[in-house]
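below is the sequence, then the predicted model.
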Amino acid sequence: MILAENVVQIGQLLKPHGVKGEMTLLFNRRSHSDIDTPYYFLEIDGIFVPFFVEEIRFTNDTTARVKFEGVDDVATASRYADLRVYLPKESLTITEEETETEWDFFVGYTVIDQTLGNLGVIDAVDDSTMNVLFVVKKNNAEYLIPAAEDFILEMDEQEKILHVDLPQGLIEEE
């Protein structure tokens, strides 16, 4: 079974297109649309289900019409409208030029500050503003931490740990 920490949301299905089961897929980022993959995962009732691509046609840099195997009519396609689309983390690679925008890679990583210790796990990335933030959760606490290379000391991909040195006062100690 595929777990949430092993996948990254790369887009969302919108409405069906036409009568043969095609759907509009809106990618979160242009770089996500460049990934050549035979399948995508759709989250259905908390389970990541693979859907194999029969055909995909791009309408612009971040939108495509996708036809999945076994989805052959509007009624079936309508069941999947508005679902989030995922890919395995290992299919996303971070290159030098993408490091600023591909912060989703770190969802699931534990954040350890050199002064405060374990701050929690990165639950999401808020890129709705110019300053990208990690949403870090631990127990009932939630912290917003700037996703900035200047604060990252070390990344342990094997253990999924992000060692950081945050400015004093950024996180209130409990």
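Yep, that arrived.

specify the local secondary structure of residue 32.
Secondary structure, DSSP: H, G, I helix; E, B strand; the rest coil: residue 32 is helix.

how deep is the closest residue to it other than its chain neighbours tucked in, by neighbour count?
Leaving aside its chain neighbours, residue 32 sits nearest to residue 10 (4.0 Å; criterion: Cβ to Cβ, 6 or more residues apart in numbering). For the C-beta atoms, the positions are set from N, CA and C on the backbone; glycine is no exception. As a burial measure, residue 10 scores 23 neighbours (other Cβ atoms under 10 Å).

per-residue pLDDT, residue 10?
Note on residue 10: pLDDT of 89.

and it, how far from residue 39?
To residue 39, residue 10 is 12 Å away according to Cβ to Cβ, to the nearest Å.

check residue 8 too.
14 Å.

looking at the two now, which is surrounded by more residues?
residue 8 (23 against 15).

right, and that one touches residue 87 too?
Yes - the pair residue 8 / residue 87 is scored as a contact, 6.1 Å apart, by Cβ atoms under 8 Å.

just the element for residue 124, please.
strand 117-126 (DSSP states H and E).

likewise for residue 65?
For residue 65, the host element (DSSP H and E) is strand 63-68.

which residues sit against that strand?
Identification of contacts with strand 63-68 by Cβ atoms under 8 Å, 6 or more residues apart in numbering yields 13, 17, 20-27, 33, 40, 51-59, 80.

quick check: closest non-adjacent residue to residue 107.
residue 122 (5.4 Å).
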